[in-house]
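Asker: I'll drop the sequence and a predicted model, then ask my questions.
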Number of protein chains: 2
Amino acid sequence: MVTIHEVAKAAGVSISTVSYALSGKRSISATTRARIDRAVAELDYRPNAGARMLAGARTNILALSAPIRQDAHLPTHMRFVTAVVEAARAHDDDVLLLARDDEVTGIRRVADSSLVDGVVVLGVSTDDERAEVVRRTGVPAAFVGIPGDTEGLACIDLDFAEAARASVRELVAAGHRSVGVIGHPATYVERHTGFIRRFADAFEEACRQQGVTTLALYPSLDRADQRAAVDELRAALPDMTALVFHCNEPVVETVLAHLQAQGVRVPDDLSVLAACASYDTEVMEVPLSTIPLPLEEMCRGAVERAVRQVDGARDPGVTLLAPRFTDRGSIRPVH
Amino acid sequence: MVTIHEVAKAAGVSISTVSYALSGKRSISATTRARIDRAVAELDYRPNAGARMLAGARTNILALSAPIRQDAHLPTHMRFVTAVVEAARAHDDDVLLLARDDEVTGIRRVADSSLVDGVVVLGVSTDDERAEVVRRTGVPAAFVGIPGDTEGLACIDLDFAEAARASVRELVAAGHRSVGVIGHPATYVERHTGFIRRFADAFEEACRQQGVTTLALYPSLDRADQRAAVDELRAALPDMTALVFHCNEPVVETVLAHLQAQGVRVPDDLSVLAACASYDTEVMEVPLSTIPLPLEEMCRGAVERAVRQVDGARDPGVTLLAPRFTDRGSIRPVH
DNA sequence: TTGAAAGCGCTACCAT
DNA sequence: ATGGTAGCGCTTTCAA
């Protein structure tokens, strides 16, 4: 193993000079820097991580608390995880993955042992225990999602209420007056997943204000249940001209296939909007107009806020990301 | 931050005694141990990770190199990742996730800086550069999958050839003489020639030996292409009584839905076997008899072998896991 | 612009 | 059965 001493010797300088040259925390003459760079390259020197952690103030590791519920949508989950990894690496941080019954206690473990500089929290629920863990340990942290009590916490999420209003706005602008909604499964809602309620409430309110008739159904993960939901929607809203999805891709696919089987064409017979979609609606059999869930942006923002706290800033508060509508032609004007 | 010194003072012993009491590396009297345990609990002491890494020989961190290809099946990927995390935690190790263009260079980075004790390598392809990286750095590592040149490497995988033979055996035992195969997309084959070819070759050979007519098709990720593949199979094998899936769940679902739409019932009209399935075939609309991909076992085995190497063992070689057939009633005897 | 040296908190060796 | 202490390899003061 190559140490800083060997680099110093090879470059003919002291170890502190090598350290400073590498960290850039004080100015180094061009010639000295060149000699050090050469020595580093020749010896293929890589600072010892443990020594850095011990001597320095930081570990350059971020913990990622990523619980995986029974009914979780794995592709979305994986996208969040990799987005966090990418964002962390952009800040020169590595990611320690906390999962499988270790997402809560693991935070305390890695924070108390100074293994990580901070924590990014995924899959946040309204009554999330991790909110309290973070407050008590005082570890720099950022929540992707919004817990019930955000006191003192840094959170970031899509503005689901605004996304709901924007959805209604788009549909109303196209002349729709009767809109069905297929939402996330009831089990998600029960878990006090805040964003679902925020979307649903704002959607309903916006419809009321615009005089739009609406009904929202929350089918389970069972395919038959999902198909039944559309049928129920069409029966309850005979004038329904548009359908909004606020759910995961498999549900969308099942429902669209069911509609197609019944001879309902999208968007000719029924307009469709994929709200807060964590999947790519462009490559679907029928590309869907959408308000995408900006998960990369969310994860990037979370990492950014966590890192800022590691750097000493106190930075509580909820960041709400503005929704953006992308037209892919699945909403058809109605007159 | 609580240090070992404070614990020692509180317990009225020396720091070395505390250290040994915690590591269990030398015998401690019951009374001393009790006093230390009490002090540790009261102060909520947690050893500093950096100090341990520096003083001790190990970091208790395993790197997980998890590349995510364009066409990857994310749910399967996520299952592998969480399975590795679970296995690592069982060994008291944490997992550092290497992804997003850092799966190769990241190995060198974290290994050379002594950030991790070892590496678990996922998504292994035949010409995987990581094989060479591991050989050169000499970092303890285990591959989940089999690279082209396994020289000096520890690898673990399902015995795909045997899984293919077992598949043919099950079908032949049920009287099937004409069997279609839907395999992984061609893009997978081009890259991971490994397990797909091992399965395909052994399957074909077994069919030849048993006098079974067979044809394997490798549709792309496009749904229409997948549906066309079944049609082609039925046209090419007019006597086909069984279908083997060696692919991911979405393909299976698409094909099954297509068959159903054509009035082909499973297993009444067509028997189906899900070979090396990374998904749960029990909760499908029609539960499928299967030879599951034992990914938990694979990941557990990989972590085990990596840890063993960290503990000083030299342990190269390829471990092939025996396939197990699970009957769920989707294979119907033919007479 | 550079160097010397004091730790960081722990492990493990050498004592007793 | 227990204690003293020398490092582990780095960062960062303090000096020059």
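Answerer: The structure has been received and is ready for your questions. Quantities reported herein were computed from a predicted structural model and do not represent experimental measurements.
Asker: please count neighbours and contacts with C-alpha atoms only from this point.
Answerer: Fine.
Asker: give me the low-pLDDT residue ranges for the stretch 101-250 of chain A?
Answerer: Along the stretch 101-250 of chain A, the parts satisfying pLDDT under 70 run over A:192.
Asker: how about whatever residue of it ends up closest to DNA strand D, what does it touch?
Answerer: With Cα to the nearest atom of the strand as the measure, A:Asp117 is the residue of the stretch 101-250 of chain A nearest to DNA strand D, at 13.6 Å. Neighbouring residues of A:Asp117 by Cα atoms under 8 Å, 6 or more residues apart in numbering or on different chains: A:Arg58, A:Thr59, A:Asn60, A:Ile61, A:Leu62, A:Ala63, A:Ala111, A:Val139, A:Pro140, A:Val310.
Asker: let's see it at 6 Å
Answerer: Residues in contact with A:Asp117 (Cα atoms under 6 Å, 6 or more residues apart in numbering or on different chains) are A:Arg58, A:Thr59, A:Ile61, A:Leu62.
Asker: ok, and the most crowded of those residues?
Answerer: Counting neighbours by other Cα atoms under 10 Å in any protein chain shown, A:Leu62 leads the contacts of A:Asp117 with 30 neighbours.
Asker: what's the neighbour count on A:Gly175?
Answerer: Number of residues near A:Gly175 (other Cα under 10 Å) recorded here: 16.
Asker: next, the most centrally placed residue in chain A: phi, psi?
Answerer: Central residue of chain A (Cα atoms, centre = their mean): A:Leu295, 4.0 Å from the mean position. Main-chain torsions, A:Leu295, degrees, to the nearest 10: phi -70, psi -30.
Asker: how about it, what does it touch?
Answerer: If a contact means Cα under 6 Å, 6+ apart, then A:Leu295 has no contacts.
Asker: strands of the stretch 51-200 of chain A, start to end?
Answerer: Secondary structure of the stretch 51-200 of chain A by DSSP state E, counting those that start in this stretch: the strands cover A:61-65, A:94-98, A:118-121, A:141-144, A:154-158, A:178-183.
Asker: circling back: can I get the contacts of A:Asp117 in TSV including distance to chain B and pLDDT?
Answerer: Listed next are the contacts of A:Asp117 as TSV, based on distance: Cα to the nearest Cα, whole Å; pLDDT from 0 to 100:
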residue	distance to chain B	pLDDT
A:Arg58	10	94
A:Thr59	8	97
A:Ile61	9	98
A:Leu62	10	98
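Asker: let me know the closest of these to DNA strand C.
Answerer: Closest approach between the contacts of A:Asp117 and DNA strand C, by Cα to the nearest atom of the strand: A:Arg58, at 11.4 Å.
Asker: quick revisit: distance of the residue of the stretch 101-250 of chain A closest to DNA strand D relative to B:Val244?
Answerer: Taking Cα to Cα, to the nearest Å as the criterion, A:Asp117 is separated from B:Val244 by 49 Å.
Asker: for A:Asp94, which non-adjacent residue is closest in space?
Answerer: A:Ile61 (4.7 Å; Cα to Cα, 6 or more residues apart in numbering or on different chains).
Asker: cool, A:Asp127 as well?
Answerer: Nearest non-adjacent residue to A:Asp127, counting by Cα to Cα, 6+ apart: A:Gly148, 5.7 Å away.
Asker: report how many residues lie close to that neighbour.
Answerer: Neighbours of A:Gly148 under the rule other Cα under 10 Å: 14.
Asker: helices of chain A, start to end?
Answerer: Ranges of helices within chain A are A:4-11, A:15-23, A:30-43, A:49-55, A:74-90, A:105-112, A:129-137, A:160-173, A:186-190, A:194-210, A:223-236, A:249-261, A:295-310, based on DSSP state H.
Asker: any chance of CSV for those, columns distance to DNA strand D?
Answerer: As requested, these are arranged in CSV below (distance: least, Cα to the nearest atom of the strand, whole Å):
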stretch, distance to DNA strand D
helix A:4-11, 3
helix A:15-23, 4
helix A:30-43, 11
helix A:49-55, 4
helix A:74-90, 18
helix A:105-112, 19
helix A:129-137, 22
helix A:160-173, 41
helix A:186-190, 44
helix A:194-210, 40
helix A:223-236, 55
helix A:249-261, 45
helix A:295-310, 13
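Asker: reformat the strands of the stretch 51-200 of chain A as JSON lines; add distance to A:Gly106.
Answerer: Converted to JSON lines, the strands of the stretch 51-200 of chain A look like this (distance: least, Cα to Cα, whole Å):
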{"stretch": "strand A:61-65", "distance to A:Gly106": "8"}
{"stretch": "strand A:94-98", "distance to A:Gly106": "6"}
{"stretch": "strand A:118-121", "distance to A:Gly106": "10"}
{"stretch": "strand A:141-144", "distance to A:Gly106": "14"}
{"stretch": "strand A:154-158", "distance to A:Gly106": "19"}
{"stretch": "strand A:178-183", "distance to A:Gly106": "32"}
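Asker: with distance to DNA strand C as added columns, please give those in CSV.
Answerer: Below are the strands of the stretch 51-200 of chain A laid out as CSV (distance: least, Cα to the nearest atom of the strand, whole Å):
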stretch, distance to DNA strand C
strand A:61-65, 17
strand A:94-98, 20
strand A:118-121, 18
strand A:141-144, 21
strand A:154-158, 27
strand A:178-183, 49
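Asker: of those, which is nearest B:Glu129?
Answerer: Closest to B:Glu129 of the strands of the stretch 51-200 of chain A, according to Cα to Cα: strand A:94-98, at 21.2 Å.
Asker: the closest one to strand B:94-98, inter-axis angle?
Answerer: Interaxial angle of strand A:94-98 relative to strand B:94-98 (axes from the mean of the first three to the mean of the last three Cα atoms, to 10 degrees): 130 degrees.
Asker: tilt between strand A:94-98 and helix A:74-90?
Answerer: With the same axes, to 10 degrees applied, the angle from strand A:94-98 to helix A:74-90 works out at 150 degrees.
Asker: which other helices and strands does strand A:94-98 contact?
Answerer: Secondary structure elements in contact with strand A:94-98, counted by 3 or more Cα pairs under 6 Å, 6 or more residues apart in numbering or on different chains; DSSP states H and E, are strand A:61-65, strand B:94-98.
Asker: 8 Å - rerun?
Answerer: strand A:61-65, helix A:74-90, strand B:94-98 (3 or more Cα pairs under 8 Å, 6 or more residues apart in numbering or on different chains; DSSP states H and E).
Asker: which residues touch it?
Answerer: Residues contacting strand A:94-98 (Cα under 8 Å, 6+ apart): A:60-67, A:85, A:88, A:106-107, A:116, B:85, B:94-98.
Asker: what's across from A:Gly183 in the sheet?
Answerer: Counting by DSSP bridges, A:Gly183 is bridged to A:His246.
Asker: neighbours of it, just the number please.
Answerer: Neighbourhood size, A:Gly183 [other Cα under 10 Å]: 24.
Asker: show the contacting residues for it.
Answerer: Counting by Cα under 8 Å, 6+ apart, A:Gly183 makes contact with A:Ile196, A:Ala216, A:Leu217, A:Tyr218, A:Pro219, A:Phe245, A:His246, A:Cys247.
Asker: how close does the fourth one get to DNA strand C?
Answerer: Right, the one you point to is A:Tyr218. Plainly put, A:Tyr218 is 50 Å away from DNA strand C if you go by Cα to the nearest atom of the strand, to the nearest Å.
Asker: same question, the third one
Answerer: When Cα to the nearest atom of the strand is the yardstick, A:Leu217 and DNA strand C sit 53 Å from each other.
Asker: correct me, but that residue touches A:Val181?
Answerer: Yes. Judged on Cα atoms under 8 Å, A:Leu217 makes contact with A:Val181 at a distance of 6.2 Å.
Asker: and these two? Which one has more around it.
Answerer: In this view A:Leu217 and A:Val181 are compared by other Cα under 10 Å, and A:Val181 has more residues nearby, 24 against 17.
Asker: got the residues of chain A near chain B?
Answerer: A:1, A:46-54, A:59, A:73-75, A:77-78, A:82, A:85-86, A:94-100, A:109, A:112-115 (Cα under 8 Å from any Cα of the partner chain).
Asker: circling back: quick one: closest of the helices of chain A to B:Leu158.
Answerer: helix A:74-90 (22.8 Å).
Asker: what's the closest one in contact with?
Answerer: With Cα under 8 Å, 6+ apart as the test, helix A:74-90 has contacts from A:62, A:64, A:66, A:68, A:94-95, A:122, A:278-279, A:295-296, A:299-300, A:303, B:73-75, B:77-78, B:97-100.
Asker: thank you kindly, that will do.
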